[in-house]
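Asker: When you get a sec, could you give me coordinates for this:
(one chain, ligands or ions: 2)
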Amino acid sequence: MSTTCLAAAKRFIVKVGSTLVTNNGQGLDLNAISEWARQVAQLRQEGKEVLLVSSGAIAFGMQRLGWRQRPKAVHELQACAAIGQMGLVQVYENAFVRHGLATAQILLTHEDLADRKRYLNARATLTALLALGVVPIINENDTVVTDEIKFGDNDTLGALVANLIDADALIILTDQQGLYTADPRHDPNATLVSEAHAGDPALETMAGGAGSGIGKGGMITKILAAKRAASSGAHTAIASGREKDVMLRLARGEALGTLLVSGTPTLNARKQWIADHLQVSGRLILDAGAVKALSAGKSLLPVGVVDVQGEFERGALVICLSPEGKEIARGLINYSSGDARRIARHASADIEALLGYEYEAEIIHRDNLMTR
Ligand SMILES: Nc1ncnc2c1ncn2[C@@H]1O[C@H](COP(=O)(O)OP(=O)(O)O)[C@@H](O)[C@H]1O
Ligand SMILES: N[C@@H](CCC(=O)OP(=O)(O)O)C(=O)O
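Answerer: Numbering: from 1, shown residues only. Ligands and ions are numbered 1, 2, ... in the order given. The predicted model follows:
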């Protein structure tokens, strides 16, 4: 299994931890960053898409300020991150420009990805950047968050981005060869786990708590990130960022480090997110023909909607019910409740005449529909 599942991947999230980026806190590791840029450029030439999630802002900020110890006060950590982020993105931009690639800075919080509009905006921006051939360099927006900065959680951010843009693989590069049966810093008998199922609870007991001291997440956040990435069908590899050609070799399907295979069937990330995050705002009662169309994986057209219940805006989550009142699906509706009432039972060709405008022919597009 291991040799094929990453070889088939087209869209990769590569997360690099602080320990690596700053060469154990000694300052930004320019050689390592230029090596990764070379590999990303090569992957792009092979037709693969790569987004980088890079830590290192705090560690680099500390260095710029001449601080030897990671500060405890959150506002000092935030100041450090803001200072360090400048140098971090500068180095990435310089490294990628040598390969004729542009980079884009994306700063996100976990909350951004839990908010419907911001989620869709982040998704649209990242998708547009990929289409433009740009390499997004993503980090947490440390200025406005406090929880993540305390826990150092770019592993989770990597997984959330994998969910966000339906990535096929999450590659977590760190200072170890992969996941060991116990923390190799403390247990000399620990052995490398080469492959496991993401989400296997046994993995969580292998991960020691704190990380290297420079990074904060340690192995547990990587294991939990793999579980989260797997929920949208992405496989995760945890490997050493110092290994020669690590990204290229993983992308060719070489068994390197630890592969955590996603067992869940690929579930469109947006659908996953719809199921997890949104409050239901209204109900649509469908006719039998529409129920059949939805069961066959088609979009919902206004002609199949016989009644619209509740008050909601365009983009709201609504439940679709059969004539007998059974939930068939839920999804993000393209029209507000008022507009939906006006176009219900009508052919899509009439939408513009009825409303004076048309967003889409479908009242709910199949990409935004989750059938039960
Ligand atoms: N079972 C394990 N296998 C490998 N590393 C582990 C394990 N448990 C804890 N660790 C620790 O996790 C560290 C990597 O996490 P961290 O320092 O946060 O790195 P990064 O900055 O790359 O996120 C390793 O250096 C190691 O000490
Ligand atoms: N946003 C933070 C990342 C936090 C962190 O330490 O993450 P990691 O090294 O991946 O465990 C930074 O850039 O310093």
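Asker: tell me which residues in stretch 305-315 are buried?
Answerer: Under the neighbour-count criterion of 16 or more other Cβ atoms under 10 Å, stretch 305-315 has 305, 308, 312, 315 buried. (Glycine included, C-beta is placed from N, CA and C.)
Asker: Going by distance to ligand 2, which of those residues wins?
Answerer: Checking the buried residues of stretch 305-315 against ligand 2 by Cβ to the nearest ligand atom gives residue 315 as the nearest, at 30.0 Å.
Asker: hang on, that closest one is in a strand, isn't it?
Answerer: No: Residue 315: not assigned to a strand; according to DSSP: H, G, I helix; E, B strand; the rest coil it is coil.
Asker: Going forward, count from 16.
Answerer: Taking 16 as the first residue, the last one we looked at is residue 330.
Asker: May I ask which of the buried residues of stretch 320-330 comes out lowest in pLDDT?
Answerer: Lowest pLDDT among these: residue 330, with 83.
Asker: how close does that one sit to ligand 1?
Answerer: 35 Å (Cβ to the nearest ligand atom, to the nearest Å).
Asker: and the nearest residue to that residue once chain neighbours are set aside, bridged to which residues?
Answerer: What sits nearest to residue 330 in space, not counting adjacent residues and going by Cβ to Cβ, 6 or more residues apart in numbering, is residue 347, at 5.8 Å. With DSSP bridges applied, residue 347 shows beta-bridge pairing to residue 332.
Asker: Next step: the buried residues of stretch 320-330 restricted to strands.
Answerer: Secondary structure assignment by DSSP state E places 320, 323 of the buried residues of stretch 320-330 in strands.
Asker: would you turn the buried residues of stretch 320-330 into CSV with distance to residue 213?
Answerer: CSV is the format used below for these (distance: Cβ to Cβ, whole Å):
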residue, distance to residue 213
320, 39
323, 40
327, 36
330, 31
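Asker: how about stretch 367-380: buried residues?
Answerer: Going by neighbour count (16+ other Cβ under 10 Å), the buried part of stretch 367-380 is 373, 377-380.
Asker: Repeat that for stretch 80-95.
Answerer: Within stretch 80-95, the residues that qualify as buried are 85-86, 91-95, counting by 16+ other Cβ under 10 Å.
Asker: Cross these against strands and list the overlap.
Answerer: Using DSSP E, none of the buried residues of stretch 80-95 sit in strands.
Asker: Which one of the residues you listed is nearest to residue 215?
Answerer: When these are ranked by distance to residue 215 (Cβ to Cβ), residue 85 comes first, at 31.9 Å.
Asker: Hmm, the residue nearest to residue 330 is touching residue 327, no?
Answerer: No: contact between residue 347 and residue 327 fails when scored by Cβ atoms under 8 Å: they sit 10.4 Å apart.
Asker: what's the helix or strand residue 237 falls within packed up against?
Answerer: Secondary structure assignment for residue 237, by DSSP states H and E: helix 233-245. When contacts are defined as 3 or more Cβ pairs under 8 Å, 6 or more residues apart in numbering; DSSP states H and E, helix 233-245 sits against helix 169-179, strand 184-189, helix 216-221, strand 250-255, strand 273-276.
Asker: by how many degrees do it and strand 184-189 diverge?
Answerer: Counting by axes from the mean of the first three to the mean of the last three Cα atoms, to 10 degrees, helix 233-245 points 170 degrees away from the direction of strand 184-189.
Asker: ok, is helix 233-245 in contact with ligand 2 or not?
Answerer: No: figure legend: helix 233-245 not in contact with ligand 2 (Cβ under 6 Å from any ligand atom); closest approach 6.8 Å.
Asker: so does that helix get close to ligand 1?
Answerer: Yes: remark: helix 233-245 sits within contact range of ligand 1 at 233-234, by Cβ under 6 Å from any ligand atom.
Asker: Tell me how far that helix lies from the chain's centre.
Answerer: 12 Å (Cα atoms, centre = their mean, to the nearest Å).
Asker: ok, now stretch 211-222?
Answerer: 20 Å.
Asker: next one: stretch 70-81
Answerer: 25 Å.
Asker: Does it reach ligand 2?
Answerer: Yes: using Cβ under 6 Å from any ligand atom, stretch 70-81 reaches ligand 2 at 70-74.
Asker: Next: stretch 112-121.
Answerer: No: interface with ligand 2: stretch 112-121 contributes nothing (Cβ under 6 Å from any ligand atom), its closest point being 12.0 Å away.
Asker: And that stretch, what's buried?
Answerer: For stretch 112-121, a neighbour-count test (16+ other Cβ under 10 Å) marks 114, 116, 118-119, 121 as buried.
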